[in-house]
Structures are given as C-alpha cells and as structure tokens.
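>>> The following comprises the amino acid sequence and a computationally predicted model.
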Amino acid sequence: MKNFVFRNPTKLIFGKGTIASLGREIPEGRKIMVTFGGGSAKTNGVYDQVAAALAGRDYIEFWGIESNPKIETLREAVKICKREGVDFLLSVGGGSVLDGTKLIAAAIRYDGDPWDLVLDGRLIGEIVPFGDVMTMPATASEMNLNAVISNKATKEKFGMRVDYPRFSILDPQTTFTLPEYQRACGMADTFIHVMEQYMTVTGESPLMDRWSEGILQTLVEIAPKVLAEKDDYDVMADYMLCATMGLNGFIAMGVSEDWATHKIGHELTAIHGITHGHTLAIVFPGLLRVLKEQKKSKILQYGERVWNITGGSEDECIDRTIAATENFFRSLGLKIRLSEMGVGADTIAEIERRFNERGAAYGENGNVTGEVARRILEEVM
Ligand code: NZQ
Ligand code: ZN
C-alpha cells in the first residue's frame, strides 16, 4: 500500500426532505448567490424547495451555468458577485453547476481573469465558502475539491483543484426527473471513476479493491432499474451514493491512479461537445486493449470478480472481460464507437497534437503520450 493522506471535510446530508435543512447550513448574515443550470431546478420542484428553505435570507440568483461549464458564463457570475459583495455560494443542480460554482468561489477574491486560475491553480488564494444541492449523480463534485472548466473560445477543457463544499444536500427524489441519457452517462462516469482508481496494478490494497469492485457490482446490478424505473427511491439512493463514493477520495487510499481515460475524454468533449460520461464509455475499452499487457493482472481480477469470467487462456479472459464492459455500456443505450458519434481521424490527430504539445504522460505509469492516445482512439474508431 502506498502512503496517503485522507481528509474530506464535506458534510453530507442525504435523504428525503433534506433540502428543508438548507437554511441551517449557511451562516447567518451572509450575502448568498444561488447558482443554477438551464432550468431543470424549476421544472422538478427543487427551486421551490430551495426558495422555501432560504426564506428571509439575503440572496440573489444566477441562472445559466451550462453543461461543461464555460468560463465565458462564469466570468459574468464573478462580476456580479464582486459587485454585490457575495460571501457565500449555493449551487443547485448537477456537477456542471457545482464545478462552475467552485470556480466562481475561487475567482471572487482574485483580481485577474478567472481563466488564469484554471490554467494555474497556484494563483488560487482565498476561496469564498460554498455548499450545494446536488440533483445529478455522476461527478461526486459534491464531495471532492475538483472542478472541470471549459473555454468556448479556445475549445479547451481542463480539470483543477479548488476546495470541498462545506455541505452537500442529496435528496434522491430530486433525481426522478433525470432523462434516460443523463442517467446512462452518469452511471458510465461513476463506473469509470472507480476504474481510474482501480484498473492499475494488483496487490496494493485488497481492501480498496473490494470497495471498488463493490461499487462496480452495485452499478451493474442496479443499472437496468435506474434506466427503467424513474422514481424508485431506493434504487436512486444507491445510485447517488455509488456516484459520491466513486470520487470522494475514499477508494483512492493507498493505491495508484490512472486518469488517462478522463484526459482523452475531456478532449472529445472540448472538440465535439460529447457528454462527459459518454466519452469515457467510448475511450475506456480502447485503453484496456492498448494497455492490456501493463494492466493484465488487474483486468483478469476485474473480469473474474465483476463479470464471473474464468476458464480459457488469459488472453481469452481479457477479451471477454473487455467485451463484457462494452456490452454494459451498450446496455445503458450508449454508442461506443467514435464513428457512431461522427468523430473522425482528424479529431484523433488533433488530440495527439494537443497531447504532444503539452508533453502529456498520463496514466499510472506516465506512458499515455500523444502517440498512445492516438492508438487508444484508433481502437475505438
Ligand atoms: O442545466 P439543467 O437545466 O440543470 O439540466 C441539467 C443538464 O442539462 C440536467 N439535470 C441535472 N439534474 C437534473 C437534470 N435534469 C432533470 N432532473 C434533474 N434532477 O442534466 C444535464 C447534465 O447536467 P450536468 O451537471 O452537466 O451533468 P454532470 O453532473 O454529469 O456534470 C458534468 C460535468 O462535470 C465534470 C464533467 O467534465 C462535466 O463538465 N466532471 C466533474 C468532476 C468533478 N468535479 O470531480 C469529475 C468528473 O470526472 C467530470 O469530469
Ligand atoms: Zn468523470
């Protein structure tokens, strides 16, 4: 097991009717900005619950933080926060609204262009405190310090580290209105978050392996119900908790991490706008094929424990395991080839170029370079 430090200060408030407790979590006397996405909060009743919980408090609303939050939109929010003296932020929506809110929180006390903070996290100084009502299981942004911010003008998308939410309120009932495609992408995202921390080397921590496999098995088990039964509370509660546990630092204790699938996926979103979780479902099987020697022992363990794949040669087991993974993504209703998404060789060349330009060396062995990324993408053409 590798050395590690674990600290996660987010207060997780989980369950039915928990939005009503919101007022108690925000200190009195604060000027609050409540941030939203494109309108789902209005149509699913979350807005009304938030407004009721904030009755009598001094708050303003900012609407329109889009999926893959854009720096162009966030700059506007930062300007308003500075003008109005906002000193607490509340995000209401999915991971995009929350990631955008994290960037706003870091930029309020910064004098330069907020995009500087995305490019160079060392510029981040004082961060305005923030909390959230999370309505979409996927990113675990509700319990981690990451934000992923896009730039419309330059077609770039980068992850950064900001801070943890003070509190996160998760009422699984808020997810009942999620469209099927978002459910599918959210499950794919959660699945790959676990993989990024699990599909590396064997033997570092049997305990963390079992936690990761437990999340993967739970996702496989509940996926058909998450798609078919829109308002099954217990199913959505388990899905929500899988998503949070998938990227709150817990399963990363003492183990190697990969993250190359995410790095490549971000480029597909930046260039083509493909939904985040969907990009991962496309890229990951290609990564397993290209790095199958390096990851051999872990792929075999994963195949046996998650998909009951045993017998035959090691190569056969690996092929069947990758096929089972692809079938899982297909069963979510996702296309898993670049050609099906209208992505061509020019995009692959552009991603290789971008990786080379920034001297990319991703993955647990630092060997996913531009050239390797190209081979991964060619596998899933
Ligand atoms: O904008 P609104 O109208 O709110 O609609 C959203 C959006 O269209 C809708 N939605 C959210 N909750 C809903 C709902 N619709 C009906 N009912 C509800 N309860 O769903 C759509 C997608 O929302 P979005 O927030 O974009 O999805 P997600 O939570 O998957 O966030 C994606 C972003 O997070 C980043 C991704 O790269 C992407 O930019 N990630 C953030 C991470 C983190 N902070 O740790 C890690 C991830 O790997 C990921 O990169
Ligand atoms: Zn992700």
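On my side now, so go ahead. Numbering: from 1, shown residues only. Ligands and ions are numbered 1, 2, ... in the order given.
>>> Look up which helix or strand residue 147 falls in, please.
Element membership for residue 147, per DSSP states H and E: strand 146-151.
>>> That strand - contacts with which helices or strands?
Applying 3 or more Cβ pairs under 8 Å, 6 or more residues apart in numbering; DSSP states H and E, one finds that strand 146-151 contacts helix 71-84, helix 95-107, helix 114-119, strand 156-161, helix 260-272. C-beta: built from backbone N, CA, C; applies to glycine.
>>> List the buried residues of it.
By 16 or more other Cβ atoms under 10 Å, the buried positions in strand 146-151 come out as 146, 147, 148, 149, 150, 151.
>>> which residues sit in contact with the fifth one?
By that I understand residue 150. 68, 69, 70, 71, 156, 157, 269, 270 (Cβ atoms under 8 Å, 6 or more residues apart in numbering).
>>> residue contacts, the residue nearest the centre of the chain?
Centroid check for the chain by Cα atoms, centre = their mean gives residue 139 as the closest residue, at 2.7 Å. Neighbouring residues of residue 139 by Cβ under 8 Å, 6+ apart: 94, 95, 98, 99, 146, 189, 243, 247, 276.
>>> contacting residues around the fifth one?
With contacts taken as Cβ under 8 Å, 6+ apart, residue 146 has the following neighbours: 99, 102, 139, 159, 160, 161, 162, 247.
>>> mind checking how far the residue of the chain most remote from its centre is from ligand 1?
Distance to the chain centre peaks in the chain at residue 312, reaching 35.8 Å (criterion: Cα atoms, centre = their mean). According to Cβ to the nearest ligand atom, to the nearest Å, residue 312 and ligand 1 sit 34 Å apart.
>>> Would you verify that that residue is located in a helix?
No: under DSSP: H, G, I helix; E, B strand; the rest coil, residue 312 sits outside any helix and is assigned coil.
>>> Contact residues of the stretch 101-250 of the chain facing ligand 1?
Contact residues (Cβ under 6 Å from any ligand atom) of the stretch 101-250 of the chain with ligand 1: 135-136, 138-141, 144, 146-148, 174-175, 177-178, 182, 186, 189, 247.
>>> ok, residues contacting the longest helix belonging to the chain?
Longest helix in the chain by number of residues (criterion: DSSP state H): helix 206-228. Applying Cβ under 8 Å, 6+ apart, the contact partners of helix 206-228 are 180, 183-184, 187, 190-191, 194-195, 197-198, 202, 232, 235-236, 238-239, 242, 245-246, 250-255, 301-302, 305-306, 328, 331-333.
>>> After that helix, which helix or strand is next?
That would be, after helix 206-228 and using DSSP H and E, helix 233-246.
>>> Counting neighbours, which bits of that following helix end up buried?
235, 236, 237, 238, 239, 240, 241, 242, 243, 244, 245, 246.
>>> Leaving out the residues flanking it, which one is nearest to the last one?
With Cβ to Cβ, 6 or more residues apart in numbering as the criterion, residue 246 has its nearest non-adjacent residue at 4.0 Å, and that residue is residue 193.
>>> which residues sit in contact with residue 173?
Residue 173 neighbours (Cβ under 8 Å, 6+ apart): 16, 231, 233, 236.
>>> Least confident of those residues?
Ranked by pLDDT, the contacts of residue 173 bottom out at residue 231 (95).
>>> what's near enough to touch that residue?
Applying Cβ under 8 Å, 6+ apart, the residues near residue 231 are 173, 176.
>>> give me that answer again for 6 Å
Applying Cβ atoms under 6 Å, 6 or more residues apart in numbering, we find residue 231 in contact with residue 176.
>>> and the gap between it and ligand 1?
In terms of Cβ to the nearest ligand atom, residue 231 sits 12 Å off from ligand 1.
>>> Wait, residue 356 touches residue 370, no?
Yes: contact criterion Cβ atoms under 6 Å: residue 356 and residue 370 qualify, at 3.8 Å.
>>> Which one's more surrounded, those two?
residue 370 (18 against 14; other Cβ atoms under 10 Å).
>>> and the helix or strand containing the residue nearest to residue 246, what does it pack onto?
Using DSSP H and E, residue 193 sits within helix 180-198. In terms of contacts (3 or more Cβ pairs under 6 Å, 6 or more residues apart in numbering; DSSP states H and E), helix 180-198 is packed against helix 206-228, helix 233-246, helix 276-290.
>>> Got a ChimeraX select line for the buried ones in the contacts of helix 206-228?
Those of those that count as buried under 16+ other Cβ under 10 Å are selected in ChimeraX with:
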select :183,184,187,190,191,194,195,197,198,232,235,236,238,239,242,245,246,250,251,252,253,255,301,302,305,306,328,332
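>>> Go ahead and confirm residue 239 touches residue 170.
No: here residue 239 lies out of contact with residue 170, judged by Cβ under 6 Å, at a distance of 10.9 Å.
>>> got the residues of the stretch 251-381 of the chain near ligand 1?
Counting by Cβ under 6 Å from any ligand atom, the stretch 251-381 of the chain sits next to ligand 1 at 262, 276.
>>> could you measure the closest residue to ligand 1 within the stretch 251-381 of the chain against residue 202, distance?
Nearest residue of the stretch 251-381 of the chain to ligand 1, counting by Cβ to the nearest ligand atom: residue 276, 3.8 Å away. Distance of residue 276 to residue 202, computed by Cβ to Cβ, to the nearest Å: 28 Å.
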